[in-house]
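# Have a look at this fold, sequence not included:
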């Protein structure tokens, strides 16, 4: 049964906090966001957003 039929709206899964913490640590260590995102399976824009906010 689809989610809308159950009265719920479909949405994205939340980010894995371990991956986000690892990305922030790598970025703070001097790694570029592009190089940080690839091995962790995150998007580059996600790394930028999490490192600045």
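Here it is on my side, so go on. Model, not experiment: these values are computed from the prediction.
# In this protein, mark out all the helices, start to finish.
Assigned by DSSP state H, the chain shows helices spanning 17-28, 33-40, 44-52.
# closest to residue 11 out of these?
helix 44-52 (15.9 Å; CB to CB). For glycine as for every other residue, the C-beta is placed from the backbone atoms N, C-alpha and C.
# relative to helix 17-28, how tilted is the closest one?
80 degrees (axes from the mean of the first three to the mean of the last three CA atoms, to 10 degrees).
# I'd like to check the angle between helix 44-52 and helix 33-40, please.
110 degrees.
# what sits up against helix 44-52?
15, 20, 23, 24, 27, 28, 33, 34, 36, 37 (CB atoms under 8 Å, 6 or more residues apart in numbering).
# Drop anything exposed from those residues.
Buried members of the contacts of helix 44-52, scored by 16 or more other CB atoms under 10 Å, are 20, 23, 27, 33, 36, 37.
# how about the residues you listed, which pair is most distant?
Applying CB to CB across these, the maximum distance is between 20 and 33, 12.5 Å.
# residues contacting residue 31?
Residue 31 neighbours (CB under 8 Å, 6+ apart): none.
# do you know which of the helices of the chain lies nearest residue 4?
helix 44-52 (26.8 Å).
# Of the buried ones among the contacts of helix 44-52, which is the nearest to residue 1?
Closest to residue 1, out of all of the buried ones among the contacts of helix 44-52 and judged by CB to CB, is residue 20, at 32.1 Å.
# list the contacts for that closest one?
Residue 20 neighbours (CB under 8 Å, 6+ apart): 42, 46, 50.
# can you tell me which of those residues lies nearest to residue 7?
Once CB to CB is applied, the member of those that ends up nearest residue 7 is residue 46, at 29.6 Å.
# if I look at that closest one, how far off is residue 34?
Distance, residue 46 to residue 34, by CB to CB, to the nearest Å: 12 Å.
# Also residue 44?
For residue 44 relative to residue 34 (CB to CB), the value is 5 Å.
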